[in-house]
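Trainee: Predicted model follows, preceded by the sequence.
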Amino acid sequence: MKPIIGKLYCSSSHTVLVVRKRPHVVNGGGFVVMDCSAQRVVFKVDGCGVRGKKGELILREGDGDTLLLMRRKGGMVEALSIYKKWKGYSVDYEGSRKLIFSLKEPNSCLVNNNAIRISTRNRERDFKISGYFPDKCCSIVDSKGNEVAQVGVMKEVEELMESKDLYHVVVKPGMDQAFVFGIIAILDYIYGESTHC
């Protein structure tokens, strides 16, 4: 499978990463993604708020370098559309941006299939969300019906905590983990969780 953002973020084996939400008082909210075996920070997501803008999210590497800028398309165009649309851009060291993916969320009850859909630059690599993110029971599924990443709550954690501030994501071999967490950041915002203002 070709990487969507970069080879560096693809693994040859199943990868289990743990997501821990940050309070809104820290950089406007967001979450931290950790490698459960080494307990190191792999990604950080900054939500809007203290330093960000409403409808804008940033995915960073563990060391703080920006990987993705995700923006919600707004205004009159969105109000008249049957979809709400997000765009994800890669950001290089010079600050230039390149469109990587777009995510469409149904904005109307007129849409036959209420699934959230993701399109990449390579049209053969489209995805959709299956399940319900607020319950931390959902998957990212490719256009062939293969589950490429799964969001869930660890049973041990669920017994200790009522909230879903800590959950895990299993990413299948070859799938771009940075792309997966860009999508999860947008889902987090859509459902009014830690990245939302």
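Mentor: Great, that's in hand.

Trainee: what mean pLDDT does the longest helix along the chain have?
Mentor: The residue-count maximum for a helix in the chain (DSSP state H) belongs to helix 177-190. Helix 177-190 shows a mean pLDDT of 94.

Trainee: next one: that helix to chain centre, how far?
Mentor: 0 Å (CA atoms, centre = their mean, to the nearest Å).

Trainee: Using PDB, write down the CA coordinates of that helix.
Mentor: Extracted C-alpha coordinates of helix 177-190, given in PDB (Å, rounded to 0.1, in the frame of the first residue of the first chain):
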ATOM      1  CA  GLN A 177      -0.800   6.400  10.700                       C
ATOM      2  CA  ALA A 178      -0.500  10.200  10.300                       C
ATOM      3  CA  PHE A 179      -3.400  10.000   7.800                       C
ATOM      4  CA  VAL A 180      -5.400   7.900  10.300                       C
ATOM      5  CA  PHE A 181      -4.900  10.500  13.100                       C
ATOM      6  CA  GLY A 182      -5.700  13.400  10.800                       C
ATOM      7  CA  ILE A 183      -9.100  11.700  10.200                       C
ATOM      8  CA  ILE A 184      -9.500  11.000  13.900                       C
ATOM      9  CA  ALA A 185      -8.700  14.700  14.800                       C
ATOM     10  CA  ILE A 186     -11.500  15.800  12.400                       C
ATOM     11  CA  LEU A 187     -14.000  13.200  13.900                       C
ATOM     12  CA  ASP A 188     -13.100  14.500  17.400                       C
ATOM     13  CA  TYR A 189     -13.900  18.100  16.200                       C
ATOM     14  CA  ILE A 190     -17.100  17.100  14.400                       C
END
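
Trainee: pLDDT below threshold where in the chain?
Mentor: Applying pLDDT under 70 to the chain flags the ranges 1, 23-28, 38, 48-53, 74-83, 93-95, 107-113, 122-124, 154-164, 197.

Trainee: need the strands for it, in chain order.
Mentor: Assigned by DSSP state E, the chain shows strands spanning 15-21, 30-35, 40-46, 56-61, 66-73, 83-91, 97-106, 117-120, 127-132, 137-142, 147-152, 166-171.

Trainee: Name the strands paired with the last one and say parallel or antiparallel.
Mentor: Based on DSSP bridges, the pairing partners of strand 166-171 within the sheet are strand 15-21 (antiparallel), strand 147-152 (antiparallel).

Trainee: Now that we have these, can you turn them into CSV and tack on distance to residue 196 and mean neighbour count?
Mentor: All C-beta spots, glycine's among them, are computed from the backbone N, C-alpha and C. Putting these into CSV (distance: least, CB to CB, whole Å; neighbours: other CB atoms under 10 Å) gives the following:
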stretch, distance to residue 196, mean neighbour count
strand 15-21, 11, 19
strand 147-152, 17, 20
